[in-house]
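1. Dropping the sequence and predicted coords here.
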Amino acid sequence: MVERKSDQPKNLKQLVPKGVEAQSAGSRPTDFTDHAPPSLAALNIRDARLQQVFAGLEHAWAFEFLDSDNLIITEKDARMSVLKLSTGQLQQLRGLPRIAISKVQTGLLDVALHPRFASNRRLYFSYVAPDHSGRYFTTAVATAILQDLALTDVQDIVRLQPYGWSPSNFGGALAFDDAGYLYVSIGDRSEQMIAQDGSSLAGKILRLHDDGRVPEDNPHVDDPLIDARIYALGVRNPQGLHYDVASGLLIESEHGPMGGDEINLIRAGHNYGWPLISYGQNYTLEGIGLNPQQADNDMTRLHFLTHPDAQIGAGEALPGMQQPLFYYLPSRATSPLLLYRGSMFPEWDGDLLVGMLKGQHVSKLDFAIDHLSIRSEHAMLGELKDRVRDIKTAQDGSLFVLTQNRGLWRLYRQHDNQDAAVVDTSNPGQIVYRNVCTGCHDDGVGGAPMLGNKQDWQSILQQDTATTYNHTLDGYGNMPARGLCNLCTDEQVTAAVDYMLKKAVNSD
């Protein structure tokens, strides 16, 4: 057993889910514990805080909540560990199978919990398995029982055959739906045309029973030319899979070539087009629409040698092939994603949050109400300054973000301000406060009394309310006239004053 501790911040107590006490293992400074990250303030969320939870990780890849106080984390260099939030203790698990770690994209990948994990302790993980020589690789998915700090009864339920020469494009994302089916993504293994070959699992999304058996209603069970495990085909290197219980959507993120990273709604039997259609370019800087006469590099010539009649790509669309829900140009290297469901950030309910590796931020995609299109995209949490590897929602609605080299972070709202996240539309004072006053009174900018801090408001509470109204309307000290809301009526400004005074009176 290997045990590591992080130099996480001293005030971790306020970060972990309610009811969990935390202790520090050091005094690492953090960037945004006293004010909102600028990227969140730009989205009009000024009461959010970002703090590092754990720093002692090396090339982290994925994580899952075991319960409110424990996480299981994978690191690319064949390490799987349990992190206890309340103590900052990271304990490495025993029992992993042989994992290839010699090449850039090889290693331990995703982890997922069985829907009944609390009772059966069964988990699943994907990894890159080497052949006996260590020169060839494949994507594998194993299941095991977590017992104390060991994995027992470890068994592969997927092992792509044959092994391949390429040390890249393994995929490996895992997700369970609400019926207990397991979905697995497999990359194209750098053999582009194989993503359209129904006899191979490469470049596909699989759907399995929890023991690896094929569900009887899989879309290709009656087609002898297509592997029955295949649920969807034509994907390149999908490193993100997420099932949303509320909507029933299975959502995938995948790396394009140069540009054309995609977000897809995965549906049974659909073909997502790779490599025949793409919004990206080949790494040769040529468009995807290649033909044999354009084979001017060894990799492209290899594809045409092995598929002599193939034309790699036909532009951006073909009949019978699905368009992405959203695509990124230029490439930002998508990885994990989730559809946010939580009470802490109700503004984001139903929005997609997509991690970016190259982009080093989280992309927030505003879903249309019909879940068929994206209305807008905003980059946030660039303050992490690292490749975002995984994102999960905690029980209290806060977001935990795993970065590749800077550890685990939590985005949360202070408990004092969580009630401000839900706006009472019948209360004009709260509406004005949320839209105008938060920039100063949430953070005490310029000496402004902070909302809900009774001590800050003592002198103001002692003066006549009419005087407070006049100071607010006309300006006083650092307080600008009308709080800079020239669109607000006198009644709306004084209603905001009443809202803040009531918060002060009722605070402890």
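-> It's in. Source: prediction; values computed, not measured.

2. Let me see the contact set for the spatially closest residue to Asp197 that is not a sequence neighbour.
-> Leaving aside its chain neighbours, Asp197 sits nearest to Gly203 (7.9 Å; criterion: CB to CB, 6 or more residues apart in numbering). (Glycine included, C-beta is placed from N, CA and C.) Gly203 makes contact with 186-189, 194-197, 233-236, 274 under the criterion CB atoms under 8 Å, 6 or more residues apart in numbering.

3. quick one: which of these is nearest to Asp366?
-> The shortest approach to Asp366 among the contacts of Gly203 belongs to Val235, at 24.1 Å (CB to CB).

4. sec struct for the residue nearest in space to the middle of the chain, please.
-> The centre of the chain sits closest to Ile391, judged by CA atoms, centre = their mean, with a distance of 3.2 Å. Judged by DSSP: H, G, I helix; E, B strand; the rest coil, the three-state class of Ile391 is strand.

5. That one touches Leu399, doesn't it?
-> Yes - look at Ile391 against Leu399 with CB atoms under 8 Å: they come within range, at 6.4 Å.

6. Ile431: how many residues sit nearby?
-> Residues within reach of Ile431, counting by other CB atoms under 10 Å, total 17.

7. Confirm that it sits in a helix.
-> Yes - secondary structure of Ile431 (three-state DSSP): part of a helix.

8. Could you check how far it is from Val493?
-> Distance, Ile431 to Val493, by CB to CB, to the nearest Å: 12 Å.

9. Equivalent analysis for Glu347, please.
-> As judged by CB to CB, Glu347 and Val493 stand 24 Å apart.

10. Comparing these two, which residue is more hemmed in?
-> When Glu347 and Val493 are compared for neighbours, Val493 comes out ahead with 22 against 12, by other CB under 10 Å.

11. sorry, back to before: need the phi and psi values for the residue nearest to Asp197.
-> phi 70, psi 30 (degrees, to the nearest 10).

12. Just the pLDDT for it.
-> With respect to pLDDT, Gly203 scores 97.

13. Check Lys13 too.
-> Per-residue pLDDT puts Lys13 at 40.

14. Overlap in contacts, Ile391 and Leu399.
-> Here Ile391 and Leu399 share the contacting residues Leu353, scored by CB under 8 Å, 6+ apart.

15. picking up where we left off before, out of the contacts of Gly203, which end up buried?
-> Buried members of those, counted by 16 or more other CB atoms under 10 Å: 186-189, 194-197, 233-236, 274.

16. give me phi/psi at His441?
-> Torsion angles, degrees, to the nearest 10, at His441: phi -80, psi -10.

17. and it, what is it in contact with?
-> Contacts of His441 (CB under 8 Å, 6+ apart): 433, 448-451, 500.

18. contact partners of stretch 367-377?
-> For stretch 367-377, contacts defined as CB under 8 Å, 6+ apart pick out 247, 249, 263, 265, 325-326, 339, 350-352, 363-366.

19. Which pair of these spans the longest distance?
-> Within these, Ser247 and Ser363 form the most distant pair, 19.0 Å apart (CB to CB).

20. Those two: which is more packed in?
-> Using other CB under 10 Å as the criterion, Ser247 and Ser363 rank with Ser363 on top: 24 against 14.

21. So Ala496, which state does it fall into?
-> For Ala496, the assignment made with three-state DSSP gives helix.

22. I misspoke; the intended subject was Val436.
-> helix.

23. need the contact list for the closest residue to it other than its chain neighbours.
-> Nearest residue to Val436 in three dimensions, chain neighbours excluded: Cys485, at 4.5 Å (CB to CB, 6+ apart). Going by CB under 8 Å, 6+ apart, Cys485 touches 432, 436, 492-493.

24. which one of the residues you listed is nearest Arg332?
-> Using CB to CB, the contacts of Cys485 come closest to Arg332 at Val436, 33.7 Å.

25. returning to what we had before: just give me the least confident of the contacts of Cys485.
-> Lowest pLDDT among those: Val436, with 84.

26. Show me the shaky parts of this structure.
-> Counting by pLDDT under 70, the ranges of the chain that qualify are 1-31, 282-314, 415-425, 508.

27. circling back to that earlier point, quick one: the contacts of His441 as a markdown table, columns for secondary structure and neighbour count too.
-> A markdown table is the format used below for the contacts of His441 (DSSP: H, G, I helix; E, B strand; the rest coil; neighbours: other CB atoms under 10 Å):
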| residue | secondary structure | neighbour count |
| --- | --- | --- |
| Tyr433 | helix | 23 |
| Ala448 | coil | 19 |
| Pro449 | coil | 20 |
| Met450 | coil | 21 |
| Leu451 | coil | 24 |
| Met500 | helix | 24 |
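
28. Now for Val158: which residues touch it?
-> Val158 touches 139-141, 184, 186, 201, 206, 208, 212, 229, counting by CB under 8 Å, 6+ apart.

29. how many other residues sit next to Gly259?
-> 15.

30. To clarify, my last question referred to Gly248.
-> Number of residues near Gly248 (other CB under 10 Å) recorded here: 11.

31. Same check on Asp178?
-> The burial count for Asp178: 11, using other CB under 10 Å.

32. Hmm, Asp244 and it touching each other?
-> No - counting by CB under 8 Å, Asp178 stays clear of Asp244, with 9.4 Å between them.

33. can you list residues touching both of those two?
-> By CB under 8 Å, 6+ apart, Asp178 and Asp244 have no common neighbours.

34. what ranges do the helices span in the chain?
-> Per DSSP state H, the chain carries helices over the ranges 38-41, 117-120, 298-306, 428-432, 438-441, 458-462, 465-474, 490-506.

35. a markdown table please, covering the ones you listed and showing distance to His255.
-> As requested, the helices of the chain are exported to a markdown table (distance: least, CB to CB, whole Å):
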| stretch | distance to His255 |
| --- | --- |
| helix 38-41 | 23 |
| helix 117-120 | 29 |
| helix 298-306 | 16 |
| helix 428-432 | 43 |
| helix 438-441 | 38 |
| helix 458-462 | 55 |
| helix 465-474 | 53 |
| helix 490-506 | 47 |
